[in-house]
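> Generate coordinates for the sequence data below:
(chains A and B)
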Amino acid sequence: MTEGRTGLRLKVLAFLVVAMFAALTTRLWFLQVLAWEKNRDAATTNAVRLVEVPAQRGRIKDASGEIIVGNRLSWVLTVNHERAGEDIEDILFRLSELLDVSAADLGERLDDPSYYDFSPIPVAVDVPLRVVLYFRERQDDFPGVELVKLPVRRYPLGASAAHVLGYLSEVFADELESPAFAGYEPGDLIGRAGVEAVYEQELSGVDGITKYRRNSLGETLERIGSQEPVRGNDVVLTLDADLQVLAEQSLLAGIQRARTIFDADSGQELKANAGAVVVMNPDTGGIEAMVSYPSFRPQEFTRSLIEFDSDFDLDSRFGAATGFPLLNRAIAGQYPPGSAYKPWVALSALQRTKEQPNEPIVTTTDLYACPPTWITPFDQTNPNAIIYDFDNWTSANLGVMNLSEALAMSCDTIFYPMGYEYWRLYYPPPWGNDDIEGNEDEIARQPLQRDLRGAGFGRETNVDLPGEERGRVPTAEWKRDIHEQYPRSFPEGEWFPGDFILMTIGQGDTLVTPLQLAAAYSGLMHPDQRLCTPHVLGSVVDPDGNVVREHRRSCSRRLPFEPGYVAYVREALTGTVQNGTAQGAFAGFPFDRVWVAGKTGTAEVDPKQDYSWFAAMTEAQGERHVVVVLVEQGGHGSTTAAPIARHIIEGLYGIEFSNPTGVEVTD
Amino acid sequence: MDLVAGRAYPIERRPMRHVDGVLLLATIGLVVVGLFAIYSSTHESLIDLDLDPGRFVKRQVAFAALAIGVVLAAASFDYRFLRVYAGLVYASSVILLILVRTPLGTSVKGSQRWFELFGFQLAPSEIGKLAVIVMLAAFLSEIRSELGLPDVFRAAGLAALPAVLVFLQPDLGTSIVFAAILVGMLVVAGARARHLGLLALTAIVLIFAGFQVGLVREYQIARLTGFLDSTNDPDRSDYNRLQAEIAIGAGGMVGLGYLQGTQTNLRFVPEQHTDFIFTVVGEEFGFVGAVAVLGLFGVVIWRAIRIALIAKDPFGTYLAAGVASMLSLQMFVNVGMAIGIMPITGIPLPFVSYGGSSLLVNAAAIGLLQNVHMRRFT
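Numbering: from 1, shown residues only, chains lettered A, B, ... in the order given. From the prediction side, this is the model:
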């Protein structure tokens, strides 16, 4: 072997070694110089544990400052999965006996993917003192288990105003992944409905953070800094707690009374299964009370964390069997308004008559007959048209009356012809039944609908509560579309005179929410006939008591009717309570002390029993209110809803409560 | 005077006059770096356990002292005797590798790798590496003509026997070192590229066959391929690699300072005083420190190759080339796995990692290098 050849081969070896060094140095350069910042951050995050210090949630107060949702400290039992380690099953078993819940539920709770492995997971809230004491003595037997005092929601009024206030629940795992929930940590509580949800940003406050150094075993070594939590702002509502309670009691009493009334149509007692009340300030749109029955206890959502994760059968608790108690019927229940709709039809008819005096639909002065039945007139252009007859609510002939009395007496047979006039004037053949698509005059053919929308029907009121429904003002276009979409539920796609005719008495396909009706009646009461956006927020107050912001009142929309007509209709509605359909319900009411106007409504909802409505406007001592009451399957407006409204009005003005007795059945 | 041979030389040829001082200094440098790194990576855990924070470093100092003796011993006799006794050395090391699989050996974490001797652990696989170097050097230096294919396969067989025994322990990393020693020495001995290719092919087929009959375990494959895709599987070895990378990367250009590395002090890097010792250097001394340590290795390997070049006989050349191959591959695989470019195999970083067997065997290797260097004129 020659020196030279060995030398060459050794150079090959040396070359390989040099290549190794080059590879190592390049990679080191990349890791330590180019990717240094990323790695430094990773090392820092590794070594630091951030522990959230939850901020105390802001309180919710009524208009007078009374706390209706506060906070209290509750014993919360938490389990740290990581620290419990191998003993976890044994611990869960013993905890399940202690807390009287199943170990499987506890285990499932611990497996909640929205929590980190190292974080203590609350498994029980409001742990009874007996358990606290037992646990304190035997803490060593429960590694990883801790009892901590945490603030939870307190509801001094119990179940009152539950739908307005809403409730809290833990943020869900899939929500945490969404950017909309940035800043939320696993286990954080979040407003799920009502004010808690709408004003979540104000109420939640800013969680504090404590930084600890930690090692790879997850052991916390020392505190290296902290940021104090900032308490959430208080939310002051327009709600009046006393009025709210009164409205709830009145509705409940009215419902119970209704259940004793025999309903001839169905041959049994009224079911009166549900109801709603809205009390509103017509000048501001501030909601003073809002009730929906059946209701729930928001406390239920705080109390048992485990039940909600597994066993809790939301459906059996909050489903059809219990009447959907989570539904806020005041804003999300949609009902035909019945005769409570008539003031708006009258206003539209008066307005249209003024615009086209040669084709009067109705006037303030003319007298009209109120027979038991009204028959559609013979149509000369369509001799084959079927003749329909429409009945009044009573089989008695009420004689002749003007529009004002027709409102007070709720005479259907005076309103039906108005509907027919809308058809005759705005929807005659050849338009009648041809294809309406692309017809630019479609808008011109909906004067009644436009006026009703102008009063706020068929659109959201934009109240600051979640889940509002918009009701429905049917049009020919809507009817055709819905028929095409759901031919079984809506077998008819054509627009007939009957659609206008039924609209005049708030039936047919018309739907409103109790809040829409309250807002519309508020428009009648507003000095400038404006529609104020209904709201529950009064102001937001920071923890030091400074007002952060006031609710900005919005009353920009005006009722599209002549002020004289509005005044006329408003005055006409005083007749309802004095000598009209609600005369019996308001018998003996001191009208000299409190001005009251109102309208009854009895809505037919096939195949159910009639729905009972009453809408009232009141004024006395400079205080003005609108009260709307609905009772599902509550029978006639005069017998069920009107007495409830009266009771609330008596409470509002400090009038001695009357004892509602059998009221004569009217509309 | 040559102590063993008892021969007398002219003064200028006396072995004592030709000690490679550069090699010695670089080696001592690596050991000292290792002592500092071992303290840094172990003192926190030891304090937590209420133990002497210097416990590990003191043991390593003891090994280092022992290592000096080993260097002296390995350099004292004429290395050419080894050529005669190569077979004996090789056979005894193979026997040790077999014995360690019997109840005489100690099992740790499911692998049987050590003999417990007076409270110290002796890993026969470490001795085996040196034995294979000696055996291959003796075998290759016997071949006077061109290295033929049969020679290549015979040499491969010599390396394969202990390598397979080690592999079965299982210790994948050390068997890879055997392969590297073999290839390095065959290259220097003049094996043709064609033959080396054929050898590689055979090895691949055998490993595949081994996998089929269950000798190669699933996790070993996973570990070898896991580093290729960092998001693949967040299992333990992947976590180790990630934490090691973070530690080194966080060091930046000049490091966080001695005992200041959070990854190190808070024990995020597992087995840091042994397999991942380089992460301490990377985190606390930065790019500058890491490159300096690589530089020390560079010096050691350069000297080894230089000794191979100037050795008096082919046996010395192969011996030195084998040691160079062994050290460079161990260094490359160990540092490479700490920075994520090599799979995680339990190969310690020569001279730096905590561990007696490794340090003593590497010291013996240095002693042999010195031996060859010292006797290049005799």
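
> which bits of the stretch 251-378 of chain B sit near chain A?
B:251-253, B:262-263, B:266-268, B:282-283, B:286-287, B:290-291, B:294, B:298, B:301-302, B:305, B:308-309, B:314, B:317, B:321, B:324-325, B:328, B:331-332, B:335-336, B:339-341 (Cβ under 8 Å from any Cβ of the partner chain). All C-beta spots, glycine's among them, are computed from the backbone N, C-alpha and C.

> So in chain B, where's the weakest helix or strand by average pLDDT?
Least confident helix or strand of chain B, by mean pLDDT, DSSP states H and E, is helix B:218-226 with a mean of 60.

> helix or strand right after it?
Per DSSP states H and E, the first helix or strand lying C-terminal to helix B:218-226 is helix B:236-251.

> For the helix or strand just after that following helix, name the packing helices and strands.
Downstream of helix B:236-251, the next assigned helix or strand under DSSP H and E is helix B:262-265. Judged by 3 or more Cβ pairs under 8 Å, 6 or more residues apart in numbering or on different chains; DSSP states H and E, the packing partners of helix B:262-265 are helix A:36-47, helix B:21-48, helix B:236-251, helix B:277-310.

> Repeat the analysis, applying 6 Å as the threshold.
Packing partners of helix B:262-265 (3 or more Cβ pairs under 6 Å, 6 or more residues apart in numbering or on different chains; DSSP states H and E): helix A:36-47, helix B:21-48, helix B:277-310.

> export those helices to JSON lines and tack on distance to A:Ile648 and mean neighbour count?
Formatted as JSON lines, the helices and strands packed on helix B:262-265 follow (distance: least, Cβ to Cβ, whole Å; neighbours: other Cβ atoms under 10 Å in any protein chain shown):
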{"stretch": "helix A:36-47", "distance to A:Ile648": "59", "mean neighbour count": "17"}
{"stretch": "helix B:21-48", "distance to A:Ile648": "70", "mean neighbour count": "19"}
{"stretch": "helix B:277-310", "distance to A:Ile648": "74", "mean neighbour count": "24"}
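
> rank those by pLDDT, which is bottom?
Of all these, the segment with the smallest mean pLDDT is helix A:36-47, scoring a mean of 82.

> So is that one next to chain B?
Yes - contact of helix A:36-47 with chain B (Cβ under 6 Å from any Cβ of the partner chain) involves A:36, A:39-40, A:42-43, A:46-47.

> can you redo the helices and strands packed on helix B:262-265 as CSV with distance to A:Ile91?
Below are the helices and strands packed on helix B:262-265 laid out as CSV (distance: least, Cβ to Cβ, whole Å):
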stretch, distance to A:Ile91
helix A:36-47, 29
helix B:21-48, 25
helix B:277-310, 37
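
> Of these, which is nearest A:Met20?
helix B:277-310 (9.1 Å; Cβ to Cβ).

> Which elements pack onto that closest one?
helix A:3-29, helix B:21-48, helix B:236-251, helix B:262-265, helix B:314-338, helix B:356-374.

> Switch those over to TSV; also include distance to B:Pro103.
Formatted as TSV, the helices and strands packed on helix B:277-310 follow (distance: least, Cβ to Cβ, whole Å):
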stretch	distance to B:Pro103
helix A:3-29	40
helix B:21-48	31
helix B:236-251	29
helix B:262-265	38
helix B:314-338	30
helix B:356-374	20
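
> between those helices, which gets nearest to B:Glu142?
Comparing the helices and strands packed on helix B:277-310 under Cβ to Cβ, the one sitting nearest is helix B:314-338, at 9.0 Å.

> what about A:Gly635, distance to A:Ala258?
Here A:Gly635 is placed at a distance of 6 Å from A:Ala258 (Cβ to Cβ, to the nearest Å).

> swap in A:Phe496?
34 Å.

> still on that earlier bit, and B:Leu242, which of the helices and strands packed on helix B:262-265 is closest to it?
Among the helices and strands packed on helix B:262-265, helix A:36-47 sits nearest to B:Leu242 (Cβ to Cβ), with 8.4 Å.

> what's the closest non-adjacent residue to the residue in chain B positioned nearest to chain A?
Nearest to chain A in chain B, going by Cβ to the nearest Cβ, is B:Gly249, at a distance of 2.7 Å. Nearest residue to B:Gly249, sequence neighbours excluded (Cβ to Cβ, 6 or more residues apart in numbering or on different chains): A:Asn39, at 2.7 Å.

> was I right about that neighbour contacting B:Gly251?
No - taking contacts as Cβ atoms under 6 Å, A:Asn39 lies outside contact range of B:Gly251: 8.3 Å.

> which ones are touching the closest residue to chain B within chain A?
As assessed by Cβ to the nearest Cβ, chain B sits closest to A:Asn39 within chain A, at 2.7 Å. Listed by Cβ atoms under 6 Å, 6 or more residues apart in numbering or on different chains, the contact partners of A:Asn39 are B:246, B:249-250.

> Mind doing that once more with 10 Å?
Going by Cβ atoms under 10 Å, 6 or more residues apart in numbering or on different chains, A:Asn39 touches A:31-32, B:245-252, B:263, B:282-283.

> Could you list the low-confidence segments of the stretch 201-350 of chain A?
A:214-222, A:224, A:302-316 (pLDDT under 70).

> I meant to write the stretch 51-200 of chain A there.
For the stretch 51-200 of chain A, the ranges with pLDDT under 70 are A:112-119.

> Repeat that for the stretch 551-667 of chain A.
A:661-666.

> Spell out, range by range, the helices that occur in it.
With helices called from DSSP state H, counting those that start in this stretch, the stretch 551-667 of chain A shows them at A:563-572, A:574-579, A:642-652.

> What residues does the stretch 51-200 of chain B have near chain A?
Residues of the stretch 51-200 of chain B found near chain A (Cβ under 10 Å from any Cβ of the partner chain) are B:140-141, B:143-147, B:180, B:183-191, B:193.

> Give me the buried subset of those residues.
Neighbour-count burial (16 or more other Cβ atoms under 10 Å in any protein chain shown) applied to those gives B:140-141, B:143, B:147, B:180, B:183-191.

> hmm, which two among those residues are most spread apart?
B:Ile143 and B:Ala180 (20.8 Å).

> hang on, A:Lys149 is in a strand, isn't it?
Yes - assessed by DSSP: H, G, I helix; E, B strand; the rest coil, A:Lys149 belongs to a strand.

> Please report how far it lies from A:Met290.
Distance from A:Lys149 to A:Met290, by Cβ to Cβ: 34 Å.

> How about the contacts made by the closest residue to B:Gly255 other than its chain neighbours?
Once flanking residues are discounted, B:Gly255 sits nearest to B:Gly286: 3.2 Å by Cβ to Cβ, 6+ apart. Shown in contact with B:Gly286 (Cβ under 10 Å, 6+ apart): A:28, A:32-33, A:36, B:248, B:250-257, B:292.

> what does A:Asp391 give?
A:371-374, A:412-413, A:416.

> pLDDT below threshold where in the stretch 51-200 of chain B?
B:107-112, B:118-120.

> thinking again about what came up before, got any residues that touch both of A:Asn39 and B:Gly251?
Between them, A:Asn39 and B:Gly251 share the contacting residues A:31-32, B:263, B:282-283, judged by Cβ under 10 Å, 6+ apart.

> nearest to A:Trp75, of the residues you listed?
B:Gln263 (39.4 Å).
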